[in-house]
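Chemist: need a 3D model of the sequence below.
(one chain, ligands or ions: 1)
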Amino acid sequence: MSTAAPPQFNPFDPSFTETPYELYAALRDDDPVQYSELLCGWVVTRHDDVVALLRDPTVSSSVHSATPTPVTEIELQRLAEQPRAGRTVVMMDDPDHARTRRLMATPFRASAIEALRGRVHERMHAALDVLAERGRTVGGPSTRGAAVPVDFDLVEDFAYPLPVEIFSEMLGVPAEDGPKFRHWTQCVARSVDPVLPDDERDECLAGLDEMCAYLADQAELKRAHPADDLMSHLVHAEIDGERLNDLDLMSQLVTLYMAGHEPTSVLIGNGTLALTRHPDQLESLRSDRSLMRNAIAELLRHDGPNQFTRRITTRPTTLSGVELPAGAVVYAGLASANRDPRFWGDDSEVVRVARPDASKHLQFGAGAHACLGSHLARLQAEVAFDAILDRLVGLEVVGEPVVATRMFLRGLTSLPVRATITPRP
Ligand code: HEM
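Modeler: Presented below is the predicted three-dimensional model:
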């Protein structure tokens, strides 16, 4: 414990944008349950407190449970304008949460997701084939047929588009409509930003409306002509005579696009950068692929996308000796918890692909709202990293990586690389 006043958490501070990890370390040491005037809520940064909060069956995920503050008032106003956002499974409490989650769960189970491996593999390798062809075209006729180094953006050209395309295919929407979702998911992601000019917000909400209209048509089609896809499952799912109504169905579809897209892309982008910065770890993984699953857990632990998730207390709750009242808004620091040396030991700041307890990371959350898409995210990352290790020879970063930080999500939006892309193994 240092004698200087603890730093104040401020997600708008440029040093937070650059790297939040030093700030997290200082908060964990000096003020692990800090009240933020800016957020009108508590920022919790130690591992054990974050786990206790997420596993507490009495906490709420709904902003309606909070004692009103200027921040919650703005959110409630936005929810009134866009009721769909409030019906997302992420913000529901039981019994609605348990019921909705049960109706969605089957296609996200490990065995159902494993069955998609071949299709995910095909999409990822097809994306690399296109990039390899770009290298041959740029290299000119003398290089025709030969593999030459190619410059591309590992995030923009590979990690970012693929999760949306793969999810659209899983959902069962026609392949030619896939690109529309890229625009729509960007609209949805931006529409939740609290500081957005009015004209941009209008544009984003128009995109969201278009997306929902399109999905409603698709749902209608699948109702009449069921197929072996996720949309057909969701429109027909029934437990104890209950089904998802239309508003809930649209809300969950939009949630799934949102929840799955950016974090998966960030896992692949941040993970690749971390491996190029730790060449010994890259070599360990290259020579022993049985480490892949653990390595992905470790990359998520070390620099995963989710910085925070939010809960509301419904009774007085004590964390690290600080008593929070009922109705308190609490920001649970997932990324900070994942580096807490009290839990992970003295080497918590470094990447170790063979770290024995890496799978205990909190990037997928914990408790009742733990990530529904974790098997899908892991499958995509496994196939992506295998493809990167197998086909990107001499991979090097050749430009400045660009990181975008919002309070809840942080990750690479651009990673310029050079590599020789070999043919499929
Ligand atoms: C690396 C990728 C991913 C990460 C790090 C991640 C992380 C998370 C986290 C932390 C939560 C809990 C939120 C909370 O506690 O309030 C969550 C929930 C959720 N995730 Fe993921 N996610 C990823 C990928 C996916 C994918 C691919 C999908 C599906 C397409 C998905 C669907 C969901 C859903 C539906 C929920 C809400 C579950 C509930 O509220 O019961 N996620 N995710």
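Chemist: relative to the ligand, how far out is the nearest residue to residue 40 once chain neighbours are set aside?
Modeler: Leaving out its chain neighbours, the residue that sits closest to residue 40 by Cβ to Cβ, 6 or more residues apart in numbering is residue 69, at 3.6 Å. Yep, even glycine has a C-beta here, placed from its N, CA and C like the rest. The gap separating residue 69 from the ligand is 19 Å, by Cβ to the nearest ligand atom, to the nearest Å.
Chemist: look up the closest residue to the residue of the stretch 301-425 of the chain found nearest the ligand, ignoring the ones flanking it.
Modeler: Residue nearest to the ligand within the stretch 301-425 of the chain: residue 373 (2.0 Å; Cβ to the nearest ligand atom). Closest residue in space to residue 373, ignoring its immediate chain neighbours: residue 260 at 4.9 Å, by Cβ to Cβ, 6+ apart.
Chemist: count the neighbours of the one you found for me.
Modeler: 23 (other Cβ atoms under 10 Å).
Chemist: quick check, pLDDT for residue 18.
Modeler: On pLDDT, residue 18 comes in at 83.
Chemist: tell me who's in contact with it.
Modeler: Residues counted as contacts of residue 18 (Cβ atoms under 8 Å, 6 or more residues apart in numbering) are residue 403.
Chemist: next one: phi and psi at the nearest residue to residue 295 once chain neighbours are set aside?
Modeler: Nearest residue to residue 295, sequence neighbours excluded (Cβ to Cβ, 6+ apart): residue 353, at 3.9 Å. Dihedral angles of residue 353 (phi, psi; degrees, to the nearest 10) stand at phi -60, psi -20.
Chemist: show me the contacts for residue 353.
Modeler: By Cβ under 8 Å, 6+ apart, the contact set of residue 353 is 281, 284-285, 291, 294-295, 298.
Chemist: now do the buried residues in the one helix or strand residue 27 maps to.
Modeler: If you go by DSSP states H and E, residue 27 is part of helix 21-30. Buried residues in helix 21-30, counted by 16 or more other Cβ atoms under 10 Å: 21, 23-28.
Chemist: which outside residues touch it?
Modeler: 1-2, 4, 6-7, 9, 15-16, 34, 43, 45-46, 333, 335-336, 339-340, 342, 349.
Chemist: quick check on the residues you listed: which are buried?
Modeler: 7, 9, 16, 34, 43, 45-46, 333, 335-336, 339-340.
Chemist: now do the buried residues in the top helix by length along the chain.
Modeler: Taking DSSP state H as the criterion, the chain has its longest helix at helix 246-277. By neighbour count on 16+ other Cβ under 10 Å, the buried set for helix 246-277 is 248-276.
Chemist: do stretch 316-333 and the ligand come into contact?
Modeler: No: judged by Cβ under 6 Å from any ligand atom, stretch 316-333 and the ligand are separated, with a smallest distance of 7.8 Å.
Chemist: quick one: end-to-end distance for that stretch.
Modeler: With Cα to Cα, to the nearest Å as the measure, stretch 316-333 spans 20 Å from end to end.
Chemist: could you give the average pLDDT over it?
Modeler: Computed over stretch 316-333, the average pLDDT equals 98.
Chemist: what pLDDT does the residue nearest to residue 295 get?
Modeler: For residue 353, pLDDT reads 98.
Chemist: the residue in the stretch 101-250 of the chain that the ligand sits nearest to sits in which helix or strand?
Modeler: Residue nearest to the ligand within the stretch 101-250 of the chain: residue 101 (4.9 Å; Cβ to the nearest ligand atom). For residue 101, the element it lies in under DSSP H and E is helix 96-105.
Chemist: need the next SSE after that helix, C-terminal direction.
Modeler: As assigned by DSSP H and E, the chain's next helix or strand after helix 96-105 is helix 110-114.
Chemist: off-centre distance for the helix or strand just after that next one?
Modeler: Beyond helix 110-114 in the direction of the C-terminus, DSSP H and E gives the next helix or strand as helix 117-139. Here the centre of mass of C-alpha atoms in helix 117-139, compared against the chain's by Cα atoms, centre = their mean, to the nearest Å, lies 24 Å away.
Chemist: again with stretch 57-69
Modeler: Once both centres are worked out by Cα atoms, centre = their mean, stretch 57-69 turns out to sit 23 Å from its chain's centre.
Chemist: give me the nearest residue to the most centrally placed residue in the chain, chain neighbours excluded.
Modeler: Residue closest to the average C-alpha location in the chain (Cα atoms, centre = their mean): residue 263, at 2.3 Å. In space, and not counting its chain neighbours, residue 263 is closest to residue 305: 4.3 Å by Cβ to Cβ, 6+ apart.
Chemist: just to revisit the earlier point, CSV for the buried residues of helix 21-30, including distance to the ligand and pLDDT?
Modeler: What follows is those, written out as CSV (distance: Cβ to the nearest ligand atom, whole Å; pLDDT from 0 to 100):
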residue, distance to the ligand, pLDDT
21, 17, 96
23, 20, 96
24, 16, 97
25, 21, 97
26, 23, 96
27, 19, 97
28, 19, 98
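Chemist: helices along the stretch 151-300 of the chain, start to end?
Modeler: Using DSSP state H, counting those that start in this stretch, the helices of the stretch 151-300 of the chain run over residues 161-171, 178-191, 198-224, 230-236, 246-277, 279-287, 292-303.
Chemist: how about the fourth one: buried residues?
Modeler: Same thing as helix 230-236. By 16+ other Cβ under 10 Å, the buried positions in helix 230-236 come out as 230-235.
Chemist: give me phi/psi at residue 34?
Modeler: According to degrees, to the nearest 10, residue 34 has phi -100, psi 130.
Chemist: then the one 4 residues further on?
Modeler: Its backbone dihedrals place residue 38 at phi -60, psi -40, with angles given as degrees, to the nearest 10.
Chemist: tell me how many other residues crowd it.
Modeler: Residue 38 is flanked by 12 other residues according to other Cβ under 10 Å.
Chemist: then residue 203?
Modeler: By other Cβ under 10 Å, the residues close to residue 203 number 15.
Chemist: now it: closest residue in space, sequence neighbours ignored.
Modeler: Among residues not flanking residue 203 along the chain, residue 187 sits closest, at 7.2 Å (Cβ to Cβ, 6+ apart).
Chemist: I'd say that neighbour and residue 211 touch.
Modeler: Yes: counting by Cβ atoms under 8 Å, residue 211 is a contact partner of residue 187 at 7.3 Å.
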